[in-house]
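okay, predicted coordinates and the sequence, questions at the end:
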Amino acid sequence: MTARRADVPGIDTVLAAARATLDRVEAADVPSAVADGAVLVDIRPAAQRAAEGQAPGALVIERNVLEWRLDPASDARIPEAGSADTRWLILCSEGYASSLAAASLQAVGLPNATDVVGGYQAMRAAGVV
C-alpha cells in the first residue's frame, strides 16, 4: 500500500471541509423542509434504492450527473432546476456522499444546496420514510 502524500488531505478532511459549508437538515425535519419548498434529491444508485427502499417524493438523480441536472445554466438541467436559489436536499444512504455532492453543487453556484444528516438510514429510523 502506498502512503498518501503529506500535502494531500484525506477523505475525513475533505468531508469536514464540505460539511463546514452546509446547513445540514436533520432527517426528522425533511418533511417540513420539503413543505417549505426544498426539493429532496435521492442520489443513491438504483441497486441501493431497490435494496433499501424509496424516498417518497424525492427526485432521483444519480450522483454521476447531479451537477449537470441541477445547474440552471446547464443544457442538461431538469425542469425543476430553474433557479440558483432552490434549496436542494441531497440524500444518500448514510449522509456521506450527499455531503460531498451538496458541497459540489455549492461550488457550481447553488448556494442553498445541502444534505440530510444520516441520509436515508436516518430518515427510516426517524419514521419519515
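Structure's in. What do you need?

so where's the protein uncertain?
Low-confidence segments of the chain (pLDDT under 70): 1.

center of it - which residue?
Centroid-nearest residue in the chain, with CA atoms, centre = their mean: I90, separated by 2.2 Å.

each with direction, which strands does the helix or strand that contains that residue pair with?
Assigning secondary structure by DSSP states H and E places I90 in strand 88-91. Sheet pairing of strand 88-91 (DSSP bridges) gives strand 39-42 (parallel), strand 114-117 (parallel).

packing partners for the helix or strand following the last one?
Using DSSP H and E, the helix or strand that follows strand 114-117 towards the C-terminus is helix 119-125. The elements that helix 119-125 packs onto, with contact taken as 3 or more CB pairs under 8 Å, 6 or more residues apart in numbering; DSSP states H and E, are helix 46-52, strand 88-91. C-beta: built from backbone N, CA, C; applies to glycine.

which of these is buried the deepest?
Compared across these, strand 88-91 shows the largest average neighbour count, a mean of 27 (mean count of other CB atoms under 10 Å).

next, the buried residues of whichever helix or strand comes after that one.
Remark: after strand 88-91, the chain's next helix or strand is helix 97-107, criterion DSSP H and E. For helix 97-107, burial by neighbour count (16 or more other CB atoms under 10 Å) applies to A97, S98, S99, L100, A101, A102, A103, S104, L105, Q106.

swap in stretch 31-49?
Under the neighbour-count criterion of 16+ other CB under 10 Å, stretch 31-49 has P31, A33, V34, A38, V39, L40, V41, D42, I43, R44, R49 buried.
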